[in-house]
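# Sequence plus predicted model, see below.
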Amino acid sequence: MIAVIDYGMGNLRSVQKGLERVGLDARITDSPAALGSASGIVLPGVGAFAAAMANLRKARLVEPLKKEISAGKPYLGICLGLQLLFTSGEEGEGAEGLDVFKGRVVRFGQGLKVPHMGWNQARIVKKEGVFEGVKDESFFYFVHSYHAVPEDEGIVAARTEYGAEFVSAVADGSVAAVQFHPEKSQKAGLALLEAFGRLCG
């Protein structure tokens, strides 16, 4: 069973349906206990960094989530679910993230239309893990105004061009996260979800 975390932000049903389309048993849950019994965890999300962290804390999901990630349980972050892995986000007044990865989440520079929305290519840096079976420079669907700036270049799994290159996916051990929406990205997105399912055993 793959737990799709419900913390009040994001189109959870579309993520669940995407996982089900590739044959996975995906269940939407806000139960900390369910994370322990799941074979993998998906954290989707659309919205503001600070509000998302506040919702996770209110649901008492922060520590159980960090515990399962530390234990090596497969994790897939989608959009905001990537950004929250980092130390901090500058949106609004700024907020602390999960601090799984060192780095910050910043707004796209001046002169660029935000949100960055629509189809764009991902140049895959790490071809194993969730990108196994996904063609390099595949198109994925994006909707975001902020992007992650990791301190460790070694976790970068994909990059995308929008004005300048930004990090569109990260991966390290059992943790993977993408800035785009695989559940809305047709064949390439389904291939990525299928690869995540294989990581979950």
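Received, thanks.
# Please enumerate the strands of the protein.
Assigned strands in the chain, in chain order: 2-5, 26-29, 40-43, 75-78, 86-89, 95-96, 101-107, 116-124, 138-144, 146-150, 156-162, 164-172, 175-178 (criterion: DSSP state E).
# Let me see the mean pLDDT of the first one.
Okay, so that is strand 2-5. Strand 2-5 comes out with an average pLDDT of 98.
# Kindly report the same for the fourth one.
Strand 75-78 shows a mean pLDDT of 98.
# ok, residues contacting the longest helix that the chain contains?
Taking DSSP state H as the criterion, the chain has its longest helix at helix 186-199. The contact list for helix 186-199 (Cβ atoms under 8 Å, 6 or more residues apart in numbering) reads 2, 18-19, 21-24, 40, 42, 74, 76, 129-135, 138-141, 174, 176, 178, 180-183, 185. Bear in mind the C-beta positions are built from the backbone N, C-alpha and C, glycine included.
# Throw together a ChimeraX command that grabs the buried residues out of the residues you listed.
To isolate the buried ones among these in ChimeraX, judged by 16 or more other Cβ atoms under 10 Å, type:
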select :2,18,19,22,24,40,42,74,76,129,130,131,134,138,139,140,141,174,176,178,180,181,182,183,185
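# ok, back up a step: can you tell me which of the strands of the chain has the worst average pLDDT?
Averaging pLDDT over each of these puts strand 95-96 lowest, since it has a mean of 94.
# that older thread, mind checking which of the strands of the chain is nearest residue 59?
Residue 59 lies closest, by Cβ to Cβ, to one member of the strands of the chain: strand 2-5, at 8.6 Å.
# can I get the CA coordinates of the closest one in CSV?
Below are the C-alpha coordinates for strand 2-5, written out as CSV (Å, rounded to 0.1, in the frame of the first residue of the first chain):
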residue,chain,number,x,y,z
ILE,A,2,1.2,3.5,-0.9
ALA,A,3,0.1,6.3,1.4
VAL,A,4,-0.8,9.5,-0.3
ILE,A,5,-0.6,12.1,2.5
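# Who are the packing partners of it?
Contacts defined by 3 or more Cβ pairs under 8 Å, 6 or more residues apart in numbering; DSSP states H and E place strand 2-5 against helix 12-21, strand 26-29, helix 32-37, strand 40-43.
# cutoff 10 Å now
helix 12-21, strand 26-29, helix 32-37, strand 40-43, helix 62-70, strand 75-78, helix 186-199 (3 or more Cβ pairs under 10 Å, 6 or more residues apart in numbering; DSSP states H and E).
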